[in-house]
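> Dropping a prediction and its sequence here:
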Number of protein chains: 2
Amino acid sequence: MKEKIKIVKIGGNIIEDKLLLETFLKDFTNLKSPKILVHGGGKSATKLAGKLNLKPTLYKGRRITDKDNLDVAIMVYAGLINKNIVAQLQANACQSIGLSGADANVILAAKRPVKKVDFGFVGDIVNVNAKNIKLLLDNNITPVFCALSHNNQGQLLNTNADTIASEIAIALSDFYKVELNYIFELKGVLKDIDNKESVITKINLKDYEKLLDVSKISEGMLPKLHNCFRALEKGVYQVKIGDASLVSPAESLHTALSLK
Amino acid sequence: MKEKIKIVKIGGNIIEDKLLLETFLKDFTNLKSPKILVHGGGKSATKLAGKLNLKPTLYKGRRITDKDNLDVAIMVYAGLINKNIVAQLQANACQSIGLSGADANVILAAKRPVKKVDFGFVGDIVNVNAKNIKLLLDNNITPVFCALSHNNQGQLLNTNADTIASEIAIALSDFYKVELNYIFELKGVLKDIDNKESVITKINLKDYEKLLDVSKISEGMLPKLHNCFRALEKGVYQVKIGDASLVSPAESLHTALSLK
């Protein structure tokens, strides 16, 4: 039987809240090994870009990553956020190592092809090096991923953290029974967007297709759910969406996703 | 007999020169494994601090690292410089991984004690985790260190890159026959500071003490030489000081340091 692993993705709401991050990292530390953390960038990159007078270029609400904004992403994601998380995990005696996709060649990507829009230095994942990630895990080192990949030609690329988490989960499914947790500001996928307690506790593929049909899901949630079901279809054992209490010892309200 | 390892430290003059860095990284890639790279920060951190309107606080010419300047150091050293170097090494097919001292707990430090001056978030190295560095080397992964350590209580600390290089060299001497290379803008230690070709090709401990006596060494060179001789006394096999040609295949003019 395959060993269990938990892959936990956190976003801006935790990263930017000192206390919440501290509590989360303690709970994460207490998870049984092996485990992996993936973090997004939150608003810190936008803040730094603002201080540097860089103007965000948007196309239909989606950010375009030019050279200056890529540099900001590298500094904030791989530098400030990643290294501070690792330092805090070390303080918890959680042996960990921070990784961009270039480190140990763990996430290879290709610059997103230019169709109508050139999204700039944005990478679509081509390969996850499960062997090198497993090498760390086998030595009781917890990998901490930021949202950057590389193209193996010297170029770092901005890459969606949700997608990084799901692609790692898929790649590790060959070796582990993978549970993927997406942690964000809500307790799960909501039936009624105005009622934060209206969590749909279970969604299978059929439910998901129905929800899509009736456009019941908020736009921000759509790519998240897409990632989740892709992961399940590619061999990930379990996917959960919820708030930080997902990793706390107490049973928490959340959305569990499954194929059937 | 112990296996050989080369530990190469580069500074700002290479990091800030795109072409020089590219050539250096190719030569570094071509060095036989195992090898380690340590890089300083150069002027990029000062530049970013300037753009963010942070004023450098200096005490007798030495920088004091306050919280904002530490953040800049983390962003530039562990983020921008470190990740771009790793991405370029990957492009050269040099399997590498970027590390701050917090990653895999490789460099533990203590905040410099406050005597006359509080240097701020500056760390004096307490321990180098040779075991975890060796784990990477044994798996043909080249570690790339930036100039940051941590105190195991969640705090990252700014740490001199020359010292990081020499302390790693010392710690690895238990397992390897270590050659430590300090690469900077000159061909070596100069007899006459106005003549860049006046390289002293060999300096032993006695020569060094004589040079100190007659104050023949430039002030910038003093801590470098101190690091070198400390490393030799603590078991490092060989130390060389020179320019980037130190790692090129051609025999180059440089300063070789030895105890006797």
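Here it is on my side, so go on. Numbering: from 1, shown residues only, chains lettered A, B, ... in the order given.

> When you work out contacts or count neighbours from here on, use the C-alpha atoms and nothing else.
OK.

> distance of residue A:117 from residue A:124?
Relative to residue A:124, residue A:117 is positioned 15 Å away (CA to CA, to the nearest Å).

> swap in residue A:93?
Counting by CA to CA, the separation of residue A:93 from residue A:124 is 34 Å.

> what about residue A:117 and residue A:124, which has more around it?
Neighbours were tallied for residue A:117 and for residue A:124 using other CA atoms under 10 Å in any protein chain shown; the higher tally belongs to residue A:124 (21 against 10).

> quick one, phi/psi of the more buried one?
Listed backbone geometry of residue A:124 is phi -100, psi 130, with angles given as degrees, to the nearest 10.

> need the contact list for it.
Counting by CA atoms under 8 Å, 6 or more residues apart in numbering or on different chains, residue A:124 makes contact with A:109-112, A:159.

> go on, residue A:27?
A:247-249.

> Kindly supply the PyMOL command isolating those of those that are buried.
Buried residues within these, as defined by 16 or more other CA atoms under 10 Å in any protein chain shown, are selected in PyMOL through the command that follows:
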select buried, chain A and resi 247+248
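
> Report the distance from the helix or strand where residue A:232 lies to the chain centre.
Per DSSP states H and E, residue A:232 falls inside helix A:221-233. Distance of helix A:221-233 from the chain centroid (CA atoms, centre = their mean, to the nearest Å) equals 12 Å.

> Pairing partners for the next helix or strand after that helix, with directions?
On the C-terminal side of helix A:221-233, the closest following helix or strand by DSSP H and E is strand A:238-242. Each strand pairing with strand A:238-242, determined using DSSP bridges, is listed with its direction: strand A:176-183 (parallel), strand A:255-258 (antiparallel).

> Need the residues that contact strand A:238-242.
Outside of strand A:238-242, the residues within contact range by CA under 8 Å, 6+ apart are A:178-189, A:228, A:232, A:253-258.

> go again using 10 Å as the cut-off
Residues from elsewhere that reach strand A:238-242, judged by CA atoms under 10 Å, 6 or more residues apart in numbering or on different chains: A:6-9, A:166, A:169, A:177-189, A:199, A:201-203, A:224-225, A:227-229, A:231-232, A:246, A:252-259.

> Now a ChimeraX select for only the buried ones of those residues.
Selecting only the buried entries of the contacts of strand A:238-242 in ChimeraX, with 16+ other CA under 10 Å as the criterion:
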select /A:6,7,8,9,166,169,177,178,179,180,181,182,183,184,186,187,188,189,199,201,203,224,225,227,228,229,231,232,246,253,254,255,256,257,258,259
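
> Residue A:56: neighbour count?
Using other CA under 10 Å, residue A:56 is surrounded by 15 other residues.

> So it sits against residue A:70, correct?
No. Taking contacts as CA atoms under 10 Å, residue A:56 lies outside contact range of residue A:70: 11.2 Å.

> any shared contact partners between those two?
Taking CA under 10 Å, 6+ apart as the contact rule, the neighbours common to residue A:56 and residue A:70 are residue A:64.

> where does residue A:190 fall, phi/psi-wise?
Backbone geometry at residue A:190, expressed as degrees, to the nearest 10, gives phi -100, psi 140.

> Excluding covalently adjacent residues, which one is nearest to it?
Beyond its immediate neighbours in the sequence, the residue positioned closest to residue A:190 (CA to CA, 6 or more residues apart in numbering or on different chains) is residue A:199, lying 4.5 Å away.

> now residue A:11
Nearest residue to residue A:11 in three dimensions, chain neighbours excluded: residue A:40, at 4.9 Å (CA to CA, 6+ apart).

> What separation do you get for the one you found and chain B?
Distance from residue A:40 to chain B, counting by CA to the nearest CA, to the nearest Å: 15 Å.

> Verify the stated contact: the residue nearest to residue A:190 with residue A:253.
Yes. At 7.5 Å, residue A:199 counts as touching residue A:253 under the criterion of CA under 10 Å.

> do stretch A:85-95 and chain B meet?
Yes. Counting by CA under 10 Å from any CA of the partner chain, chain B has neighbours in stretch A:85-95: A:85-95.

> Closest to residue A:15 out of the residues you listed?
Minimum distance to residue A:15 across these is 8.8 Å, recorded for residue A:85 (CA to CA).

> and the closest one, that's in a helix?
Yes. When classified by DSSP: H, G, I helix; E, B strand; the rest coil, residue A:85 is found to be part of a helix.

> can I assume it is in contact with residue A:143?
No. Look at residue A:85 against residue A:143 with CA under 10 Å: they stay out of range, at 11.1 Å.

> Common neighbours of the two, please.
For the pair residue A:85 and residue A:143, residues contacting each of them under the criterion CA under 10 Å, 6+ apart are A:37, A:96-98.

> restrict these to those near chain B?
Contacts with chain B within the shared contacts of residue A:85 and residue A:143, as defined by CA under 10 Å from any CA: A:96-98.

> Low-confidence regions, the stretch 51-200 of chain A specifically.
For the stretch 51-200 of chain A, no stretch is flagged by pLDDT under 70.

> which residues in it form helices?
Residue ranges of the helices in the stretch 51-200 of chain A, as given by DSSP state H, counting those that start in this stretch, are A:67-73, A:82-91, A:130-138, A:161-172.

> Next, the angle helix A:221-233 makes with the longest one.
Think helix A:161-172. Using axes from the mean of the first three to the mean of the last three CA atoms, to 10 degrees, one finds that helix A:161-172 and helix A:221-233 are set 0 degrees apart in direction.

> OK, contacts around residue A:129?
By CA under 10 Å, 6+ apart, the residues touching residue A:129 are A:101, A:104-108, A:168, A:171-172.

> ok, which of these also contact chain B?
Intersecting the contacts of residue A:129 with the contacts of chain B gives A:101, A:104-106 (criterion: CA under 10 Å from any CA).

> nearest to chain B, of those?
Here the nearest of those to chain B, counting by CA to the nearest CA, is residue A:104; it sits at 5.0 Å.

> mind listing what the closest one touches?
A:129, A:131-133, B:86-87, B:90, B:94-98, B:136, B:140-143.

> Residue A:131 too?
The contact partners of residue A:131, by CA under 10 Å, 6+ apart, come to A:104, A:106, A:137, A:171-172, A:175.

> Please indicate which of those residues has the highest neighbour count?
In terms of neighbour count, residue A:104 stands highest of the contacts of residue A:131 at 25 neighbours, by other CA under 10 Å.

> Which residues of the stretch 101-250 of chain A lie near chain B?
When proximity is defined as CA under 10 Å from any CA, the stretch 101-250 of chain A approaches chain B at A:101-106, A:132, A:135-136, A:139-144, A:148-156.

> Now the strand or helix carrying residue A:209: buried residues?
Under the assignment given by DSSP H and E, the secondary-structure element containing residue A:209 is helix A:205-213. Applying a neighbour-count criterion of 16+ other CA under 10 Å, one finds residue A:208 buried in helix A:205-213.

> what comes into contact with it?
Residues outside helix A:205-213 that contact it (CA under 10 Å, 6+ apart) are A:191, A:202-204, A:215-218, A:222, A:225-226, A:229, A:232-233, A:257-260.

> tilt between it and helix A:221-233?
Going by the same axes, to 10 degrees, helix A:205-213 makes 160 degrees with helix A:221-233.

> one step back: tabulate the contacts of residue A:124 (a markdown table), appending neighbour count.
Converted to a markdown table, the contacts of residue A:124 look like this (neighbours: other CA atoms under 10 Å in any protein chain shown):
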| residue | neighbour count |
| --- | --- |
| A:109 | 25 |
| A:110 | 20 |
| A:111 | 22 |
| A:112 | 17 |
| A:159 | 24 |
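
> nearest to chain B, of those?
Of all the contacts of residue A:124, chain B sits closest to residue A:109, with 12.0 Å by CA to the nearest CA.
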